[in-house]
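In: model this:
(2 chains)
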Amino acid sequence: MNDLKTIRGMPDLYGENIEAISMVEKICLKTFKSFNYQEFRTPVLENKSLFDRSVGESSDIMQKEVYEFKDRKDELLCLRPEGTAGLVRALITNGLDNDEIKKFYYLGPMFRYERPQKGRKRQFFQAGVELIGDESSDADIEIILIANTILKKLNIKSKLQLNYLGDQESLEKYNEYLKEYLSGISDLPKYVMKNPIRALDSKDEGIKNKMSKAKSIKDFLNENQIEEFNKTKYKLDELEIDYSVNSRLVRGLDYYNGLVFEFLSDDLGAQNAILGGGRYDGLIKGLGGRDLPATGFALGIDRLADIIELLSIERDLFIGCVDKKSRTYAQALGYKIRKNNNSLIVENYLGNANVGKQLKKADSQGFKFAIIVGQDELKSKTLKLKNLREDKPDLELKEKDFLEHFEC
RNA sequence: GUGGGUGUAGCUCAGUUGGUUAGAGCGCCGGUUUGUGGCACCGGAGGCCGAGGGUUCAAAUCCCUUCAUCCACCCCA
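Out: Residues are numbered from 1 along each chain as shown, chains lettered A, B, ... in the order given. Next up is the predicted model:
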C-alpha cells in the first residue's frame, strides 16, 4: 500500500497540471532561443561540497533543505537545490571559462527538502539563463529583457524589484558594519551572524526594528557602483520596463553581488517570487575557475504554471469509424495525414461507440474537423468532412482532395 | 522545523445526535438513434470513506497514531 504513494512534495503530474507546465517550458525555450542562448544540461546529482562552496554553507538551503546522501562508495552527494552552481562547475570542468562571452540556458527539476505548500514543492522545475563574461549593465539588462519577454508572453502580471549590492569589497564592509551594528541584539539567528546582510529582509520583529534605523547598503557603494546602478535604471526607463528599488532585497544564495532582482506576483500567496536573479561575479573564481563576471536568473516553472490561464487545446481532425474494416482504413488514412503534415493533431478513434457518440466526443474534445469512416466511404471512396466549429455544410471529398485539404 | 485547516468515486463535493445497502454533479462506458455533433432522457461501471489502531452491539461519523494536502511562520523560484 505504502509503496504506491508518491514521495511527499513530489506529486505525479498529469492533465491540466502538466499542460500548464509544458506551456511555460515551451515559452521559455522559445524565448531563450530567440536571444540565441545555448542549452546546458548538467546532472541532477552533484557533490554536496559544490553547493556548500557556492550557495553558501550558512544559507537555509544548505543548512536544512538539501537532499543529501552517501552513495555506495561513501561519496557525499546531493540532489541539486538550484541550477547555477552546477552550470558554473560544468564551465570549469569542461574548460569553458575563457574570455568569450557565453550565454546558456537550462531547464529541469530541482530539489529542496521544505514543507510543501502552494507554489512550493520538494521537486520543482526551474528554467534559467546564465550570461558569462560580461561585466557591464548591458548584460544585466539583457537577462531582464529575457525575463520580461517570458512573463509578457505568458500574460503574467508581476512587479520587478531591484537592488544593488556592490562588489565583494563593499559587501564585506557593509557586512562588517551590520555585524557591529546588530551585536547589541541577543540570540541573533545563525544565518545573520554568518551573513549579516540577511538581516535586511528578516521578518523577526527585533531585527526589523533595529534594521529600520541601520545605514542602507547605498551608503557603502562607491561612485562607480552608484553610477552602474543608475545606468541600469536609466536603461530600464528607456525600455519602458517598470521597476521599483527595494533596498532590503537580498537573495538567499550567498554568491550574489552587484545587481539583484526579483519578479513578484500577487497571485501565489506567500510564495510570491516567480523569478529571481542577479550578478555573481566572484563565483566562477571562487569555485576554482578564472575570474569571470556573470549574471543570470532562474524562474519557477511550477509557480508560473500555477498562475497562467490555460488556453483550451485546439485539435484538428477526429477520424471515427464504425467497424473493424473501416478502422483499419481510418488508421492508414490518419497515418498519411500526419506523415505529410506533422503540425496537425489527429485522433484515430479506437472504441466502439456509435456514430453519434463519436461526433459528440470529437466536439467536446475541441476538434475542428471530423470524419467517420464506414462501409459507404470504403465503397464510394469519398469522405464526408464535417466542420465542427463553423456552421458549414459537409464537404464530400475524394481521398486525394481530402489530403489536399489538410495541406498534405 | 513550529502553529492551524482538510482527507468520502477519475474531478468538485454532500453525508443529520454513531444505526443496517455511502450519495449528487461533472467525467467515463452503454442505450434511446444497427451511420452523423453541440440538447435531452434512460441505464451501467467505478469506493477497504487516506492508512493503522482503539471505544462500541454498531464507526465515514467519537478517540489516538501516522501519512498526505492546504494556509501561515520560515525560506525561496
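In: Give the residue spans of the stretch 301-408 of chain A that score low on pLDDT.
Out: By pLDDT under 70, the weakly predicted segments of the stretch 301-408 of chain A are A:408.
In: how about the strands in it?
Out: A:315-321, A:346-348, A:367-373, A:382-387, A:395-398 (DSSP state E, counting those that start in this stretch).
In: who touches the third one?
Out: Residues outside strand A:367-373 that contact it (Cβ atoms under 8 Å, 6 or more residues apart in numbering) are A:314-322, A:326-327, A:329-330, A:333, A:347, A:355, A:358-359, A:362-363, A:377, A:383-389, A:402. From N, CA and C alone the C-beta is placed, and that goes for glycine too.
In: Contacting RNA strand B as well, which ones from those residues?
Out: A:V322, A:S326, A:V355, A:L359, A:D363, A:E377, A:K384, A:K386, A:N387, A:L388, A:R389 (Cβ under 7 Å from any atom of the strand).
In: can you tell me which of the residues you listed are in helices?
Out: A:S326, A:V355, A:L359, A:D363, A:E377 (DSSP state H).
In: Show me just the buried residues among those.
Out: A:S326, A:L359, A:E377 (16 or more other Cβ atoms under 10 Å).
In: who's the closest residue to A:E262 other than its chain neighbours bridged to?
Out: In space, and not counting its chain neighbours, A:E262 is closest to A:G276: 4.4 Å by Cβ to Cβ, 6 or more residues apart in numbering. Assessed by DSSP bridges, A:G276 has beta-bridge partners A:E262, A:A298.
In: Work out for me the element A:G278 sits within.
Out: Using DSSP states H and E, A:G278 falls within strand A:273-279.
In: any bit of that strand sitting next to RNA strand B?
Out: Yes - applying Cβ under 7 Å from any atom of the strand, one finds strand A:273-279 touching RNA strand B at A:A273, A:I274, A:L275, A:G276.
In: how about the closest residue to RNA strand B within the stretch 151-300 of chain A, phi and psi?
Out: Proximity of the stretch 151-300 of chain A to RNA strand B (Cβ to the nearest atom of the strand) peaks at A:G252, 1.5 Å away. Backbone torsions of A:G252, given as degrees, to the nearest 10, read phi -80, psi -10.
In: which residues does it contact?
Out: A:S59, A:D60, A:I61, A:R198.
In: related to what we said a few turns ago, mark which of the contacts of strand A:367-373 are buried, thanks.
Out: A:315-322, A:326-327, A:329-330, A:333, A:347, A:358-359, A:362, A:377, A:383-386, A:388, A:402.
In: that older thread, out of the residues of strand A:273-279 next to RNA strand B, who's the most crowded?
Out: Ranked by the number of neighbours (other Cβ atoms under 10 Å), the residues of strand A:273-279 next to RNA strand B place A:L275 first, at 27 neighbours.
In: so what are the domain limits for chain A?
Out: Annotated domains of chain A cover A:15-166+A:221-307, A:315-405 [automatic domain parsing].
In: before we move on, back to that, got a list of contacts for the strand holding A:G278?
Out: A:128, A:140, A:143, A:147, A:150-151, A:156, A:158, A:165, A:251, A:256-265, A:268, A:293-300, A:303-304, A:307.
In: Please repeat the previous calculation with a cut-off of 7 Å.
Out: A:140, A:143, A:147, A:158, A:251, A:256-265, A:295-300, A:303-304 (Cβ atoms under 7 Å, 6 or more residues apart in numbering).
In: Thanks a lot, see you next time.
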